[in-house]
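Trainee: Sequence and predicted structure are below.
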Amino acid sequence: MFRERLEQEFAARRAKNPRHSLRAFAAFLGTDHSTLAQILRGSRRAPAGQIRAWAKKLGLTPEEAAVYVAAEHVPDAATAHRQQQLRHWTAEALGIVTERAHWEIVRLSRTGSFQPDCRWIAQQADLTVDRVNVALSRLLRLRLLEVGATGKWKELTGLPSPTERQFRKLALARVRQMSKE
């Protein structure tokens, strides 16, 4: 990244002149020495807007500067992982909010005539089997439903007789909880 390039340049200047200071290097770049120190320590990223100006002062080509600017926009591994988690859990939440199959599975599982069969649920709720399967997978992941060893389904909302609104509220809270694990 650009930080390493700045470190190399600063080290080269110090090799030529051991008394060359960070303040002098910052002045050459036209920035504050404390900002430059934070960038060199890695506690702050190089501002993408400054990279082009600094690259020009360091004698880099516009193409090299563009590569460094692009590299600064690439998230680090931890940020990329968190973004992936957020995308996943946002999709989970949107699925709960927009797909009524989740509620239908929970509602039907509370009836005396319930059959733990996706085709039966699809027929009763006027849904496709695929939509029921996707919703069932999500309910299992969110621990709102479990399938026992005998194949018996048990809904785990803990609500005595939930409305669809109460179910969605609980399901979204579970999504939020799972995103923190």
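Mentor: Looks like it arrived, so ask away.

Trainee: Quick check: Lys154 is in a helix.
Mentor: No: counting by DSSP: H, G, I helix; E, B strand; the rest coil, Lys154 is located in no helix; its state is strand.

Trainee: What is the burial count for it?
Mentor: 10 (other Cβ atoms under 10 Å). From N, CA and C alone the C-beta is placed, and that goes for glycine too.

Trainee: How about it, nearest residue that isn't a chain neighbour?
Mentor: Leaving out its chain neighbours, the residue that sits closest to Lys154 by Cβ to Cβ, 6 or more residues apart in numbering is Glu146, at 5.3 Å.

Trainee: is it true that that neighbour lies in a strand?
Mentor: Yes: with three-state DSSP as the criterion, Glu146 is located in a strand.

Trainee: And the helices in this protein, which stretches?
Mentor: Shown for the chain, the helices assigned by DSSP state H span residues 2-16, 22-29, 33-41, 48-57, 62-73, 77-98, 101-109, 118-125, 129-141, 164-179.

Trainee: Of those helices, flag the one that's most buried.
Mentor: Greatest average neighbour count among these goes to helix 101-109 (a mean of 21), per mean count of other Cβ atoms under 10 Å.

Trainee: Export only the CA atoms of it, formatted as CSV.
Mentor: Extracted as CSV, the C-alpha positions of helix 101-109 are listed here (Å, rounded to 0.1, in the frame of the first residue of the first chain):
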residue,chain,number,x,y,z
ALA,A,101,-43.2,-18.3,4.0
HIS,A,102,-41.4,-18.0,7.3
TRP,A,103,-44.6,-16.9,9.1
GLU,A,104,-46.6,-19.5,7.3
ILE,A,105,-44.3,-22.3,8.5
VAL,A,106,-44.4,-21.1,12.1
ARG,A,107,-48.2,-20.6,11.9
LEU,A,108,-48.9,-24.0,10.4
SER,A,109,-46.5,-25.7,12.9
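
Trainee: Could you tell me the angle between that helix and helix 77-98?
Mentor: Computed by axes from the mean of the first three to the mean of the last three Cα atoms, to 10 degrees, the angle separating helix 101-109 from helix 77-98 equals 60 degrees.

Trainee: list the helices and strands helix 101-109 packs on?
Mentor: For helix 101-109, the packing partners by 3 or more Cβ pairs under 8 Å, 6 or more residues apart in numbering; DSSP states H and E come out as helix 118-125, helix 129-141, strand 145-147, strand 153-155, helix 164-179.

Trainee: Spatially nearest residue to Leu58, not counting backbone neighbours?
Mentor: Glu9 (5.7 Å).

Trainee: Model confidence at the one you found, what's the number?
Mentor: We have a pLDDT of 95 for Glu9.
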